[in-house]
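Trainee: Could you look at this predicted model? Sequence included:
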Amino acid sequence: MQIKVDTPNLNPTLRRLVAMIRNKAAFVKNWANAAAKEARNTARAKPGRRWWRDLARSIRVRSVSEAAAEVSSDQVGANLKQFGGIVRPKNKRALTIPIAPEAKGKTVYEMKRPNRPLFVLPGSGLLGYATPDKGFRALFVLAPKAVQKPDPWFPAPNRLYRLGINEANYLIKKEQIQWNTQQ
């Protein structure tokens, strides 16, 4: 994600505050760090296993200049979570989507047992096992692709502008204190 100060669609209040700041590079750096911190906190607050914590650890401020900064993550799937999209299998023919409560959060490999072989029910696209009393117990749906809905972890534009305004106010107050002590 990029944070840009010199864009024409910048919030008017923030544009006026930025014009008053002398050290624009420090402002952009502080703004990017505030956005990265909020993104980390948002990722840590998401429910789930380890993926969200790994995402929070991977969020970094990559580059900073007077006009822009880049906050990004090298976590696989971060953009997919942020914006949504289509998931396709890489090395297999189908995705295995868990549908049974006992299969949630587990892989097919974890569900295999020597006394209970898994098989695909013919003509259905369901993967499961046979039970003596109930017949077939479906664990997974086999799908050629899946649609991932957006689950944003980066601050929304309004929140991002609010962070920028907070950082600009902080730096303006800091510069005013320095101006008053120099006289």
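Mentor: Nice, I can see it.

Trainee: contacts, neighbours, all on C-alpha from now
Mentor: Fine.

Trainee: Identify all contacting residues around the one helix or strand Asn41 maps to.
Mentor: According to DSSP states H and E, Asn41 maps onto helix 24-45. Helix 24-45 has contacts (CA atoms under 8 Å, 6 or more residues apart in numbering) with 3, 5, 18, 21, 52-53, 55-57, 59-61, 64-71, 153-155, 160, 163-164, 167-168, 171.

Trainee: Can I have the buried ones of those as a PyMOL selection?
Mentor: Typed into PyMOL, the next command selects the buried ones out of the contacts of helix 24-45 (criterion: 16 or more other CA atoms under 10 Å):
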select buried, resi 3+5+18+21+52+53+55+56+59+60+61+64+68+69+70+71+153+154+155+160+163+164+167+168+171
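
Trainee: List the ones among the contacts of helix 24-45 that fall in strands.
Mentor: The members of the contacts of helix 24-45 that map onto strands under DSSP state E are 3, 59-61, 64, 68-71.

Trainee: Let me know the closest of those residues to Leu95.
Mentor: For those, the residue nearest Leu95 by CA to CA is Ile59; the value is 27.7 Å.

Trainee: Distance check, the closest residue in space to that closest one that isn't next to it in sequence against Gly85.
Mentor: Using CA to CA, 6 or more residues apart in numbering and skipping residues adjacent in sequence, the residue nearest Ile59 is Ser73, 4.5 Å away. Look at Ser73 and Gly85: by CA to CA, to the nearest Å, they are 18 Å apart.

Trainee: between those two, which one's more packed in?
Mentor: Neighbour count, other CA atoms under 10 Å: between Ser73 and Gly85, Ser73 has more, with 20 against 14.
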